[in-house]
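1. Structure for the following, please:
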Amino acid sequence: MVMLELENIETFYGTIQALFGMSLRCEAGQVTTLIGRNGMGKTTTVGSIMGTLASRNGEIRFDGVSIRGRPAYRVAQLGIGLVPEGRQIFPNLNVRENLLATAANYSGSDDPWTLDKVLEFFPRLHERLANQGSQLSGGEQQMLAIGRALMLNPRLLILDEATEGLAPLIRQEIWRRLEQLKQSGLTILLIDKNIDEFAHIADRHFIVEKGQVVWQGDSDSLGADAQLKARYLGI
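-> This is a model prediction of the structure:
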C-alpha cells in the first residue's frame with residue numbers, strides 16, 4: 001500500500017523554481033530515501049510535503065488523501081511526524097517539556113508512544129531529563145528531535161539529514177534505532193546525501209538532481225552502480 005505519493009510537484013521560492021515535477025512514493029512499512037547532493041531540492045521536497053512551502057502544481061497524497069495546500073499543523077494531525085534539518089528543538093525547554101509539548105496520538109495507536117516509552121527507547125534522554133535543550137550535545141539533541149516526532153505517534157516519520165554533523169558512534173546508534181522503528185512497522189522517509197550507512201535498512205531510493213528525481217531503485221541496484229553514485233552523489 002502506498003502511504004505517501006508525490007506526483008509532478010512544482011515548488012517556487014518567489015519567482016525561482018526549486019522543484020521541477022518532483023515525484024516519489026513511500027510504501028507502507030518501508031524505509032524510503034530521497035538522496036542527492038546539497039542544494040538539489042531535498043529539503044524543499046520536505047517543506048512541500050509538510051505544507052511549510054506552497055506548491056503550485058502537482059499532487060501530494062497521504063494514504064490516498066490529498067494534502068497539497070493544507071497548513072502544516074493539519075498535515076501533522078493526519079499522522080506525519082518530521083525530524084527537521086538542524087533539529088529545531090526548543091532550547092529553553094528541558095527534555096521532558098520538549099517531549100510533552102508535542103504529545104498526541106494522531107495514528108490512533110492502541111500502544112502509543114508515551115514519555116516513558118521514548119525515554120526507554122533513548123536512555124540517554126532519561127539521564128538528561130531535566131536539562132534544557134541548549135545544554136544537550138548534538139547527538140542528544142537529535143535523539144530528542146526524533147523522540148519529539150514519535151510523541152506525535154505518526155504513521156509516517158520524515159527525517160531530514162538525520163545524522164549530519166554527528167560523531168560516528170552516535171550516527172550508528174541513530175541508525176540502529178531507525179532500524180527498530182522499521183521493524184515495528186513504521187513507515188519512514190529518510191532525506192540525506194549519504195547512503196552507505198543506512199542502505200541496509202532502506203527498501204527503495206530516489207535520487208534527486210536539480211529538483212527532480214533522476215533515478216529510483218533498491219539498495220542492491222544502487223550499490224552495484226558506481227558510476228551512478230559518482231555522478232549524482234559525489235562518491
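
2. Look up phi and psi at the residue nearest to Leu78 when sequence neighbours are not counted.
-> Once flanking residues are discounted, Leu78 sits nearest to Phe62: 5.7 Å by Cβ to Cβ, 6 or more residues apart in numbering. All C-beta atoms are positioned from the backbone trio N, CA, C, and that covers glycine. Backbone torsions of Phe62, given as degrees, to the nearest 10, read phi -120, psi 120.

3. Strands of this structure, start to end?
-> In the chain, the strands defined using DSSP state E lie at 2-13, 16-27, 31-35, 55-62, 65-66, 80-83, 156-160, 187-192, 204-209, 212-217.

4. can you redo these as a markdown table with mean neighbour count, mean pLDDT and distance to Leu228?
-> Shown next, in a markdown table, are these (neighbours: other Cβ atoms under 10 Å; pLDDT from 0 to 100; distance: least, Cβ to Cβ, whole Å):
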| stretch | mean neighbour count | mean pLDDT | distance to Leu228 |
| --- | --- | --- | --- |
| strand 2-13 | 18 | 96 | 22 |
| strand 16-27 | 18 | 96 | 17 |
| strand 31-35 | 26 | 95 | 11 |
| strand 55-62 | 17 | 94 | 26 |
| strand 65-66 | 10 | 95 | 33 |
| strand 80-83 | 26 | 96 | 27 |
| strand 156-160 | 24 | 96 | 23 |
| strand 187-192 | 24 | 93 | 16 |
| strand 204-209 | 21 | 95 | 8 |
| strand 212-217 | 16 | 95 | 6 |
